[in-house]
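Chemist: Provided below are the primary sequence and the corresponding predicted coordinates.
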Amino acid sequence: MLKNGRANAVRFTTPEAMCRMLECQPVDLPEWVPDDEEER
């Protein structure tokens with residue numbers, strides 16, 4: 001699942017559905033930034 005960090009992949013339909021719901025383009029979706037220096 002995306003929200004708990006256990007996703008291994010994202011299907012192409014996931015960002016499409018998110019963009020339809022948020023009325024945005026894929027480039028507008030947030031970028032993941034690690035909380036901890038060790039994760040970088």
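Modeler: Structure received.
Chemist: burial check on D35, number of neighbours?
Modeler: By other C-beta atoms under 10 Å, the residues close to D35 number 7. (C-beta placed from N, C-alpha, C; glycine too.)
Chemist: could you measure from it over to G5?
Modeler: D35 sits 11 Å away from G5 when distances are taken as C-beta to C-beta, to the nearest Å.
Chemist: same check on C24?
Modeler: The gap separating C24 from G5 is 23 Å, by C-beta to C-beta.
Chemist: same question for T13.
Modeler: Remark: distance between T13 and G5 (C-beta to C-beta) = 20 Å.
Chemist: before we move on, back to that, quick one: which of C24 and G5 has more around it?
Modeler: Just comparing C24 and G5: by other C-beta under 10 Å the higher neighbour count belongs to C24, 12 against 7.
Chemist: state the distance from the spatially closest residue to that one that is not a sequence neighbour to V27.
Modeler: Nearest residue to C24, sequence neighbours excluded (C-beta to C-beta, 6 or more residues apart in numbering): M18, at 8.0 Å. Separation of M18 from V27 (C-beta to C-beta): 12 Å.
Chemist: out of the two, which sits in the busier spot?
Modeler: M18 (16 against 7).
Chemist: for the more buried one, phi and psi?
Modeler: Main-chain dihedrals, M18, degrees, to the nearest 10: phi -60, psi -40.
Chemist: so it touches L29, yeah?
Modeler: Yes - with contact defined as C-beta atoms under 8 Å, M18 reaches L29; the gap is 6.4 Å.
Chemist: pLDDT at L22, what is it?
Modeler: With respect to pLDDT, L22 has a value of 92.
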